[in-house]
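Asker: A structural model of the following input is requested.
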Amino acid sequence: MTKFCSLKDAIGTHVRPGMTVAFEGFTHLIPHAAAHETIRQGIGDLTLIRMTPDVIYDQMIGMGLVRKVVFSYAGNPGVGLLRRLRDAVENAWPRPLEIEEHSHAAMANAYEAGAAGLPMAVFRGYLGAGLKAVNPNIRSVTCPFTGEELAAVPAIRPDVSIIHAQKADKQGNVLIEGIVGVQKEAVLSARAAIVTVEEVVERLDAHPNACVLPHWTLDAIVEVPGGAHPSYAHGYYDRDNAAYLEWDQIAADRDAFKEWMQRHVLDADEAIFATRANRIVGAA
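Answerer: Purely as a prediction, here's the structure:
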């Protein structure tokens, strides 16, 4: 049954060391507040899954909480590298990092397969691609009907999926507006799901064909205004472009990174996100 709770309780109850966790979001609605709470609780040895790892995975990797990343693109969007991820891969700092790289198509299909309860995803792809040489989880299968060779990858089934959305009603149904990405599939494929939302309302005024996650698909809902900052939340606040540019400089130096994380994550809480998002709204 869906439970409204604090962010501390949601993460502490559902996320455990050694788990496979997906913090999903595409361009907007990236669950920064939930990732920061995971860092504060020091939950480590994680396998992180995401189609497009960006700043939150850079931060979690830099704090030594990540054993492996399964992904299809990694970067500071619009800026460049993920410097903490690169340092972990090239120099094993602060610990060695295993990577499993896929294409976007493979990740999307793998989430779909997980949501459907299937063991694998089958699709056209990887023909002539070099990833198969470095990723043993990319296989080939023969279609029993046409004889065509197709690509196959394991279904994605996270222990926990965590997303951010705009609204939840008091019954625990959640509305996602704007670019959806694979948030729906991430929730449906997971054994447990946490969603942070901008606000809780009496009822959802959802338009036809809206993406609504019913209450029975979710395990915890947390109201965290601004919880996607510095990414944007469609209809609430814009992307904080300056924050992404600043992160490139912060993450380039290990000591600067540790100092920033201490001040803005370890010594802070989720209330700071509302202040940051309101600054963006005010600037607009």
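Asker: What is the helix or strand containing residue 259 packed up against?
Answerer: Counting by DSSP states H and E, the element that carries residue 259 is helix 254-261. On a contact count with 3 or more C-beta pairs under 8 Å, 6 or more residues apart in numbering; DSSP states H and E, helix 254-261 meets helix 55-62, helix 241-251. The C-beta positions use only the backbone N, C-alpha and C, and glycine is treated the same way.
Asker: The same query, at a cut-off of 6 Å, please.
Answerer: Identification of packing neighbours for helix 254-261 by 3 or more C-beta pairs under 6 Å, 6 or more residues apart in numbering; DSSP states H and E yields helix 241-251.
Asker: How far away from the center of its chain is the helix it packs on?
Answerer: Averaging C-alpha coordinates over helix 241-251 and over its chain gives two centres that are 19 Å apart (C-alpha atoms, centre = their mean, to the nearest Å).
Asker: and what of stretch 22-37?
Answerer: If you compare the mean C-alpha spot of stretch 22-37 with that of the full chain, they lie 5 Å apart, counting by C-alpha atoms, centre = their mean.
Asker: In the stretch 51-200 of the chain, where is pLDDT below threshold?
Answerer: Counting by pLDDT under 70, the stretch 51-200 of the chain has no low-confidence residues at all.
Asker: Now do the strands in it.
Answerer: 66-71, 98-101, 120-123, 139-142, 149-154, 160-169, 174-176, 192-201 (DSSP state E, counting those that start in this stretch).
Asker: tell me, how many neighbours does the nearest residue to residue 234 once chain neighbours are set aside end up with?
Answerer: Beyond its immediate neighbours in the sequence, the residue positioned closest to residue 234 (C-beta to C-beta, 6 or more residues apart in numbering) is residue 178, lying 3.0 Å away. By other C-beta atoms under 10 Å, the residues close to residue 178 number 17.
Asker: same question, residue 117
Answerer: Going by other C-beta under 10 Å, the residues that sit close to residue 117 add up to 10.
Asker: how near is it to residue 189?
Answerer: With distances taken as C-beta to C-beta, to the nearest Å, residue 117 is found 9 Å from residue 189.
Asker: That concludes my questions; thank you for your assistance.
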